[in-house]
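Novice: For reference, the sequence and a predicted model appear below.
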Amino acid sequence: MLSELRVAVVSFLVGVVFMVTAANLFLRISSFGDFLTWTALSSVPVFLSCAIFHKSFQVALRASGLGCAAAIGSFLWFSRLFPTFHPFGAYMCILSFFHWSEYVITAITSPRTLSIDSFLLNHSKAYWIAASASWLEFALEAWLIPGLKSEVICWIGVLICTVGEILRKGAMLTARSNFTHLISTRKRNDHELVTHGLYSLFRHPSYVGWFWWSIGTQIALVNPLCVVAYAVVSWRFFNERIYDEELYLINFFRDDYVHYQQRVPVGLPFIEGFKPEFSAP
Ligand SMILES: C[S@@+](CC[C@H](N)C(=O)[O-])C[C@H]1O[C@@H](n2cnc3c(N)ncnc32)[C@H](O)[C@@H]1O
């Protein structure tokens with residue numbers, strides 16, 4: 001899977017470098033029209049990547065698209081032209097980096113499970129409905145109460161997302177091939193119980209990271225309604241998921257997992273996971 005990793009890294013860079021070069025050399029972006037023209041140009045690096053890496057077309061398409069989104073996000077975040085849109089620019093960078101790096105880290109740690117789904121772009125319908133709701137809230141508030149979109153709060157959100165990302169990717173790098181995006185329902189011969197590193201602090205470090213990352217995205221957007229909605233929906237999602245996952249893990253590792261549960265907390269507030277009726281002594 002080394003070649004897929006190379007395609008993902010090079011395509012992302014093609015997207016970023018092309019957009020930054022175009023903005024600096026060919027276009028003086030000084031109006032909304034210039035910005036739209038420049039954004040439309042993002043089809044060029046996507047087309048280029050897909051043409052160069054035609055054998056891995058699907059990977060090139062997504063990685064270069066995410067690279068362009070990161071470049072457009074950086075422009076919106078730091079440009080003096082659209083100050084109200086700074087939070088949205090930060091959010092675009094956070095989101096595109098998250099999805100691209102999920103693929104890259106999976107390619108490094110668990111090439112056996114690598115597929116186009118590893119970008120997590122088709123995670124679930126609910127995920128994109130939630131994302132659209134946050135774009136709508138941002139647009140309405142930026143239009144009606146632009147003063148709400150504070151730079152300081154945005155930076156707090158960026159910080160929370162960064163910590164969440166480090167936890168999530170750190171967990172993937174620690175668990176390596178034992179980490180799968182989908183919950184394993186059958187034990188593979190090489191599936192080992194991971195209890196070291198971040199897994200000695202929390203039983204579910206990648207979910208802890210993702211939980212805070214998802215709330216952080218809404219703080220970065222300065223979306224008060226979605227901050228609350230994301231906290232509630234993410235908590236319910238992980239509560240259910242951890243319960244199901246631990247049911248299988250106890251099946252796989254028996255007393256070893258029960259002892260691990262007794263030593264190490266879940267890591268998310270008020271989530272207990274699956275408790276077997278008879279705890280191991
Ligand atoms: C998306 S990963 C999430 C891992 C973990 N829940 C976390 O938050 O870091 C899900 C897969 O990891 C595996 N898994 C979870 N905890 C594990 C552990 N401590 N050791 C080995 N495999 C684990 C499960 O079997 C499942 O297939």
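Specialist: Now that the structure is in, tell me what you want to look at.

Novice: what domains does the record give for this protein?
Specialist: 1-81, 87-281 (automatic domain parsing).

Novice: how about the ones you listed in a markdown table, adding mean pLDDT?
Specialist: Shown next, in a markdown table, are these (pLDDT from 0 to 100):
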| stretch | mean pLDDT |
| --- | --- |
| domain 1-81 | 93 |
| domain 87-281 | 96 |
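
Novice: Of all the ones you listed, which one comes closest to the ligand?
Specialist: domain 87-281 (3.3 Å; C-beta to the nearest ligand atom). Just so you know, the C-beta spots here come from the backbone N, C-alpha and C atoms, and that holds for glycine as well.

Novice: quick one: the helices in the stretch 51-200 of the chain?
Specialist: Here the stretch 51-200 of the chain has its helices, by DSSP state H, counting those that start in this stretch, at 57-78, 86-109, 125-144, 151-175.

Novice: Make TSV from those helices and add distance to Pro224 to it.
Specialist: Formatted as TSV, the helices of the stretch 51-200 of the chain follow (distance: least, C-beta to C-beta, whole Å):
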stretch	distance to Pro224
helix 57-78	20
helix 86-109	12
helix 125-144	8
helix 151-175	10
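
Novice: How much space separates the residue nearest to Pro265 when sequence neighbours are not counted from Ile271?
Specialist: Nearest residue to Pro265, sequence neighbours excluded (C-beta to C-beta, 6 or more residues apart in numbering): Phe202, at 6.4 Å. In this view, Phe202 and Ile271 are 11 Å apart by C-beta to C-beta, to the nearest Å.

Novice: the more surrounded of those two?
Specialist: Counted by other C-beta atoms under 10 Å, Phe202 and Ile271 do not tie: Ile271 has more neighbours, with 21 against 18.

Novice: need the contact list for that one.
Specialist: By C-beta atoms under 8 Å, 6 or more residues apart in numbering, Ile271 lies in contact with 235, 238-239, 242.

Novice: Dihedrals phi and psi, Leu221?
Specialist: As for Leu221, its main-chain torsions (degrees, to the nearest 10) stand at phi -80, psi -10.

Novice: Could you point out the longest helix of this protein?
Specialist: helix 224-263 (DSSP state H).

Novice: That helix close to the ligand?
Specialist: Yes: on the criterion C-beta under 6 Å from any ligand atom, helix 224-263 is in touch with the ligand at 245, 248-249.

Novice: what comes up buried for that helix?
Specialist: 226-227, 229-231, 233-235, 237-238, 242, 245-246, 248-250, 252-253, 257-261 (16 or more other C-beta atoms under 10 Å).

Novice: For Ala70, which non-adjacent residue is spatially closest?
Specialist: Ser96 (4.3 Å).

Novice: Repeat that for Phe252.
Specialist: Closest residue in space to Phe252, ignoring its immediate chain neighbours: Lys187 at 4.2 Å, by C-beta to C-beta, 6+ apart.

Novice: my read: the one you found touches Ile250, true?
Specialist: No: if you go by C-beta atoms under 8 Å, Lys187 and Ile250 don't touch, sitting 11.3 Å apart.

Novice: I'd like the next helix or strand past the strand or helix carrying Met19.
Specialist: In this assignment (DSSP states H and E), Met19 forms part of helix 2-21. Next in sequence after helix 2-21, counting helices and strands by DSSP H and E, comes helix 32-40.

Novice: Could you pull out the buried residues of that next one?
Specialist: Neighbour counts using 16+ other C-beta under 10 Å place 35, 38-39 of helix 32-40 among the buried residues.
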